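Undergrad: here you go, sequence then predicted model.
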Amino acid sequence: MTGRELKGIRRRLGYTQEAMADALGISQSYYVVLERGRRRMSEDLSTRALRVRREPAERGWFDHGYDVGRDLAGVARDLRRRIVAH
């Protein structure tokens, strides 16, 4: 996943950089580096980014499953194609 794609996900969710970093479990400063494309994202972090939702984790939505939105599904599909291509 590129920094541009990460930024697109964050904006679609309406998150600040700080909130997105918190959702990913990383520092805000590291998140900014990723979003600006200065570091490559690991596959694990890319997967976590695709799983971020609007609802806070405390609500337990993880336990009930979720429906990935059309925009995020397209990003996930593209990411899988790139991984398979390597």
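TA: Everything's here; your move.
Undergrad: just give the nearest non-adjacent residue to residue 30, would you?
TA: residue 21 (7.1 Å; Cβ to Cβ, 6 or more residues apart in numbering). For every residue, glycine as well, the C-beta is placed using N, CA and C.
Undergrad: show me what contacts that neighbour?
TA: 27-28, 30-31 (Cβ atoms under 8 Å, 6 or more residues apart in numbering).
Undergrad: can you check residue 34 too?
TA: 3, 6, 26, 41, 45.
Undergrad: same thing but 10 Å
TA: Shown in contact with residue 34 (Cβ atoms under 10 Å, 6 or more residues apart in numbering): 1-3, 6-7, 17, 20-21, 24, 26, 40-42, 45-46, 49.
Undergrad: pull out the buried members of the residues you listed.
TA: 1-3, 6-7, 20-21, 24, 41, 45-46, 49 (16 or more other Cβ atoms under 10 Å).
Undergrad: out of those residues, which are inside helices?
TA: If you go by DSSP state H, those have 3, 6-7, 20-21, 24, 45-46, 49 in helices.
Undergrad: just the pLDDT at the residue nearest the centre of the chain, thanks.
TA: In the chain, the centroid-proximal residue (Cα atoms, centre = their mean) is residue 49; its distance is 1.8 Å. Listed pLDDT for residue 49 reads 90.
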